[in-house]
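In: quick one, what's the 3D model for this:
(chains A, B and C)
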Amino acid sequence: MNGELKASSDRLGRDEWVAEHTGRTRRDPVAAVGAAIERVPFALRLAVIAVGFAAFPLLTDNSYVLRIVGTVALFAALALGLNLVAGFAGLLDLGYVAFYGIGGYTYAYLSSEFLGIHLPTPLTLIIVIATGVLFGWLLGLPSMRLVGDYLAIATLGFLLVFNQLTASLTRVHLPWTDGPVDMTGGPNGIINLDDLSLFGLTATSIKHYVIIIVVMLLTVMTVVHNVDRSRIGRGWRALRENDLAAETMGMPTKRLKLLAFVFGSSIAGLSGAVFAAWQGAVFPNNFAVPVLITLYSIIVLGGLGSIPGVLVGSFVLVVVPELLRDVALASTLFYGAVVLTLIVAIKPLWRAGAVILAVAALGGLARLAAPEASLPPGEGLGALVSHILILPVENATLVGNVAFVAVLGLMFLSAYLTSPTAKLLVLVPSLWLLALAWQTRLSQDPSVTRLLLIGATLVALMNFRPAGLFGRTRVEVL
Amino acid sequence: MDAFLAQLPQQLVNGLSLGGVYALIALGYSMVYGVLKLLNFAHGDVYMVGAFIGFFVMTGFLDGAGPIIPAVLVVLLMFLAAMVGCGILGVGVERIAYRRLRKAPRIAALISALGVSFFIQNAVQLTLSANFRSYQPQLLIPPELGLSLLDVRISATRGLAIVMAVVLMFALHRLVQRTKLGKSMRAVATDPEAAAMMGIDVDRVIVATFFIGSALAGAAGVITGLVFIRVWHFMGFLAGLKGFVAAVIGGIGNIPGAMLGGFILGLVETFAIGFVSATFRDVIAFAVLILILLIRPQGLLGAKLPDKA
Amino acid sequence: MRTRLTVLMALLALVLAACGGEADETTTTAAAPDTTTAPAPDADTTTPAPTTTEVMEGPTAVPDGPITLAVMGPFTGGAASIGQEQLNFARLAVQHFNEEHGWDVQVFEGDTELDASRAVTVAEGIISDSNVYGVVGPAGSQEVDAVGQMFTDATLAFVSPSATDPGLSDRGFDAFFRVVPTDADQGPTIGNFIVDEIGASSVFIIDDQTSYSVGLADQISDALDAGGAEVAGRESVTQDLSDFSSLATVIGGSGAEVVAFPGQIASQGALLTRALQEQGIDVTVFGGDGFFSAEDFIEGAGGASEGSYVSSFAPDITGVDEAADVVTQFQDMHGDFGTFGPPTYVSAQVVLEAMLRAFEASGTVDRAGVLAEVGNTNLASTILGQPLSFEANGDVVGAQFFIFRVEGGEFVLAD
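Out: Reported below is the predicted structural model:
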């Protein structure tokens, strides 16, 4: 409608649009924060992040918090590597997690009883990085021939093949051995890995690992930052915008692509090795598609090509799913998010308030209609909501399912309504049904609901912020 | 070698019926990609929903011993319900998750598609539970119905899978090549802005594309149920991936290509199990994919790629 | 600029700190009133009122403060059918325990998605939640492997309902128990039955690439070798494979008389029998305990699984008196179930009874006490129809397997 019209007029008056570009990003508070962060000297940023992360191992002994902090840092490091390939160079590499796995398995081979090899950590890490470079180069070779989605599917195939092989290479008949050989440990993985041991110190506790991972993250950030500023980084950006033009300008596009793959895979390999040591084992499921989805969500959520965006993205995508495990907290977050969305999305504030009141009124009517029936279960804020606006229910599961499907139907319907008043009118019963579905069904199955919410959040975020939180809206040349 | 020759005909039948399902999924994938250049990762989940719709229609018309109305009618109703239901679902997904992203970076649409895929999968698990459901085709189509040539056995359901895939492909091909709607689709695929200037309602064409593509996925879901029996909430993930692979092998965006890719993939997987090892099914399938792409980067029947981003 | 960034980081830190603290706070504030006012009006809609009043007769029967039982398993994703069944049985066990003893034990769902690294994070969360006094799970052997030392260090008892890798017994996980026998018990039972009772000389083996299935297939293979039967072929398939036609052709060509397929997913067994029947291949299918599901393996096969065998670590629980209530109640709520649910009920029962004994002995519930009591478990009977107690290494005492044959659409004891 309105947006569409604007978009097409943008195309006609492109110069004007470019001229407005800075002005438009300024008005956006989140992007302004991103831009402000970018203006801080890099060394200072690094120091702040280091202090921020280091605070945790110093202040808390709670190993759950530490584990999450470590995971945030690990995923941030991993996502930085992916950002280099996908965000800077624009190569849709869906096989990235395989390099993470190759790093993990390489570490496992060189530091366990599986092959009876126990190399010193520094040597192992060097070999891990070298392996990453080698495999990145090997997978990068086809990337010189394939473009876009063809590259995506080929690399995804590489990941699936890797998963399949690690899970099943347990009875391999090699020409030079007598019996079948177990090459990967199969689904039982490789266990009892050595701890990392650097500069004469051996990492034994979770705190040590958090510190090691943060140091790794800072190193990776420095490398990525400097590469981004270098000739290579500029070359990648040219490649991403238009590789034909880049080639015409005399850039060695093929070598640049290979270089991106190699950089990315060595970062992934290093992260994989540290992860393997931290877990003390490697299993095929550690390096499967869900990790890939998380990583892509991190870099897209944070904004492709943005380094601070990666940090925020991995913070959100690691911490929020953990928070959603707790039923009471999940309810609070859910209702909070709904109310917040209403306030942001419905422009005059009184209208948002009116909608919320109308929903409560509808709930009150429903309670009057059936005063005998029992209330749906609920904890914390959920219990409050239960009392204010929920239709009392007998057969909770069925009612919840029906309400859930009805909400989806109403959402679909309201997408086709043009008048804002009609939309608001549909919104009221939708919200009430949503609360009903939440209380009777969604909050009863937290594990499923968690993923449901993550899916919905990804869709919503992409629709309202396609460039991610800190993404620089690029001047698209088509 | 003897074992190979003895099994070859039967494995061909096995592979073609599996390929038929892949081809139908690939057709929908390819259509949407051709028009929108969007990798619709939720396509596999639409297919899963189709399989469930077919399942519930089937159980609705069965009373333990057999169908309560003529079996042909039940099968027809299953296809109809699944195709219409999935068509509507596909249109809804387009409206809610993709329409605003048409001009956004491609990767944003990709993530949105992943979000939809997560959502559908878990919505189905939430409402229908994670249990496996089994089609009961033997109550509709007698298992003994079918062809037996020497050692080769083609059951009626397998025959149906192969025939359905080919018929739907031809119907779709005709639609795209001969009708006005097809012409608009091709126009939008080539250049949406120019098409809009020519008076084509781009939104409507895209909605039609999603409807048809998703309906094909629904048909594929019902065929899967009839031939491979088992339906569950997670079945769409790998099937969608395989459909994508099939579409790419044939040349994504190309309708006969999707068909060809589907059958090739089905045959490769079947032969991998039959003559190499079931363990390496996916490994071999992807190795063939990569090999084909290295020789023909645009897929088997794909047009030479224009050098435009 | 600098201040803005530090403010942001501090904010993030705050949020994180808040989550750690707040999670406990909300559960305590929410749960505390429930425990003091015993009837707990809206905590459980299905609780019949009489049982709660009955419990109130017993004097100091309820510990103050919230008590949580953590359940770990793959509740979403590809293995969700197994995980959800386990979760629902665990919830049922908790509900029964609460009704019987008037406690208000809560269930925490730790979804591992069958990924060991997630299991580790979940385990940290469970350990740091001081309300958790026992764990049911994790489901997979590799997950037990990843979290075993952590739970042992935290003296938190964890009872797995489905980890069957024999190697876990020797890893020194003092807090680890399991209510199912290991592959080392089941494999030889199946192998010997195939050789001695069926009299097959050539067997085809399939596994489904899970640690459960691979381990069991290896054990069966060894038993067959020892018994003098030939292994005609060994294949491994993924759990999402639905098209068994081409594998059936291979099996038909291999000359095997029996296919041993110790998979986790009963519907895959049904698909295999259907594919064999479709091509007119006369081979007997032999499944492991994973296939002991009437709905998936018999009804799902539409008659094709007639004459097949499965093993089971329990006599058919639908025929066990102690299990009658549990079975009907579960079927009312969630429909039919397979082989992974009932042991989960027993696992939860073991932990809950241990909490009760620890509380009765000392007046409080603490982790070390519960762990000790789990080790002392000695149930005269369970819904599995057998007495249950643990060896020192956490394995069940007197593990025994039963072989069933599908006859007339039912599982019939074969030996």
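In: contacting residues around the residue minimising distance to the centre of chain C?
Out: Chain C has C:P161 as the residue nearest its centroid, 3.2 Å off, counting by Cα atoms, centre = their mean. By Cβ atoms under 8 Å, 6 or more residues apart in numbering or on different chains, the residues touching C:P161 are C:Q86, C:V136, C:G137, C:A139, C:R178, C:V179, C:V180, C:F340, C:P343, C:T344, C:V346, C:S347. From N, CA and C alone the C-beta is placed, and that goes for glycine too.
In: which stretches of chain C have low pLDDT?
Out: Where chain C drops to pLDDT under 70, the residues are C:1-61, C:415.
In: quick one: the strands in it?
Out: C:67-73, C:105-111, C:132-136, C:158-160, C:176-178, C:202-207, C:230-236, C:258-261, C:284-287, C:309-312, C:378-379, C:388-389, C:402-407, C:410-413 (DSSP state E).
In: nearest to chain B, out of these?
Out: strand C:230-236 (4.2 Å; Cβ to the nearest Cβ).
In: and the angle for the closest one with strand C:202-207?
Out: Orientation of strand C:230-236 against strand C:202-207 (axes from the mean of the first three to the mean of the last three Cα atoms, to 10 degrees) gives an angle of 20 degrees.
In: is any residue of strand C:230-236 near chain B?
Out: Yes: interface with chain B: strand C:230-236 contributes C:E235, C:S236 (Cβ under 8 Å from any Cβ of the partner chain).
In: for chain C, what spans make up the helices?
Out: C:2-36, C:49-57, C:80-101, C:116-128, C:141-153, C:183-193, C:211-227, C:245-254, C:266-278, C:324-334, C:341-362, C:367-375 (DSSP state H).
In: dump the ones you listed to TSV, plus distance to chain B and mean neighbour count.
Out: Below are the helices of chain C laid out as TSV (distance: least, Cβ to the nearest Cβ, whole Å; neighbours: other Cβ atoms under 10 Å in any protein chain shown):
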stretch	distance to chain B	mean neighbour count
helix C:2-36	23	15
helix C:49-57	28	12
helix C:80-101	4	23
helix C:116-128	16	25
helix C:141-153	18	24
helix C:183-193	20	22
helix C:211-227	11	22
helix C:245-254	4	24
helix C:266-278	4	27
helix C:324-334	7	15
helix C:341-362	11	24
helix C:367-375	29	21
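In: wait, which of these is closest to A:A415?
Out: Closest approach to A:A415 among the helices of chain C (Cβ to Cβ): helix C:80-101, 29.7 Å.
In: who does that closest one touch, helix- and strand-wise?
Out: helix C:49-57, strand C:67-73, strand C:105-111, helix C:324-334, helix C:341-362 (3 or more Cβ pairs under 8 Å, 6 or more residues apart in numbering or on different chains; DSSP states H and E).
In: phi, psi of the residue in the stretch 251-400 of chain C positioned nearest to chain B?
Out: Among the residues of the stretch 251-400 of chain C, C:G300 lies closest to chain B, at 3.6 Å counting by Cβ to the nearest Cβ. Note on C:G300: its backbone torsions stand at phi -60, psi -30 [degrees, to the nearest 10].
In: from B:Y98, how far off is B:F41?
Out: 11 Å (Cβ to Cβ, to the nearest Å).
In: joint contacts of these two?
Out: Here B:F41 and B:Y98 have B:A113 as joint contacts, going by Cβ under 8 Å, 6+ apart.
In: is any part of the longest helix seen in chain A close to chain C?
Out: Secondary structure assigned by DSSP H gives helix A:253-279 as the longest helix of chain A. Yes: counting by Cβ under 8 Å from any Cβ, chain C has neighbours in helix A:253-279: A:F275, A:Q279.
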